[in-house]
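Undergrad: The following block contains a protein sequence and its predicted model.
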Amino acid sequence: MAISIEDVKKLKELTGVGLTDAKAALTETDGDFDKALEAMRKKGLTKAEKRGEREAREGLVDAYVHSGRIGVVLEVNCETDFVARTDDFKNLVHDLALHISATSPEYISLDDVSEEVRGVKKAEFVEKAQNEGKPSDIADKIVEGQLAKYFAEKALLEQPFIKNPDISVGEYVKEHISKLGENIVVRQMKRIELGVSE
């Protein structure tokens, strides 16, 4: 099957890989664009995870205010000032601020949840399972599942991304790591809602 240069360019643009890699991916999938995109995303995410070890100290602080009632201040870091000034990076930071205003996450990642908080929540779920008369072996599995779900809903990087719920916010960030070729870290966030105090 003939591979169009338009498909190669489109795949390059969406994944941030070189033209040669984009063409090779399309050749491997017999010109099936969706399969090639999926393969390149997986490859790109693997590279992105390796980049995650590099230090990110440049970046942007962005502020977003929604209807004068909800405000978000967010710091996202990358490795170089050059990348921080690109539209792709600015759009990523702004998208994250929009997402935070809509979903109100309490933590950036699951690593930010303290053992104390996790323990308190686990005790609640255990008590609930016992009150429902669940056998202890089944209750343990139920409690672990409930804990994972509960904290995933509260951690920014685990939440389904509001503009594309098929991927998590973390995957959206990794796509940008792959595309921009630098480590990207969501460093800190603050969400303020009118009339609601912590």
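TA: Looks like it arrived, so ask away. Residues are numbered from 1 along each chain as shown.

Undergrad: Need the residue closest to the centroid of this protein.
TA: Here the mean C-alpha position of the chain is nearest to the C-alpha of Gly170 (Cα atoms, centre = their mean), at a distance of 1.6 Å.

Undergrad: OK, contacts around Tyr107?
TA: By Cβ atoms under 8 Å, 6 or more residues apart in numbering, Tyr107 lies in contact with Val113, Phe151, Lys154, Ala155, Leu156. No exception for glycine: its C-beta is placed from N, CA and C like everyone else's.

Undergrad: repeat for Val93
TA: Contact analysis of Val93 by Cβ under 8 Å, 6+ apart lists Gly59, Leu60, Asp62, Leu74, Val76.

Undergrad: again, only this time at 7 Å
TA: Shown in contact with Val93 (Cβ atoms under 7 Å, 6 or more residues apart in numbering): Leu60, Asp62, Leu74, Val76.

Undergrad: Got the confidence number for the residue sitting furthest away from the middle of the chain?
TA: Here the chain reaches farthest from its C-alpha mean at Gly133, the gap being 37.3 Å by Cα atoms, centre = their mean. According to the prediction, Gly133 has pLDDT 78.

Undergrad: ok, it to Ala139 distance?
TA: From Gly133 over to Ala139 the distance is 9 Å, taken as Cβ to Cβ, to the nearest Å.

Undergrad: and what of Asp30?
TA: From Asp30 across to Ala139, the span is 50 Å (Cβ to Cβ).

Undergrad: if you count what's nearby, which of these two comes out ahead?
TA: When Asp30 and Ala139 are compared for neighbours, Ala139 comes out ahead with 17 against 10, by other Cβ atoms under 10 Å.

Undergrad: Perfect, I'm done here.
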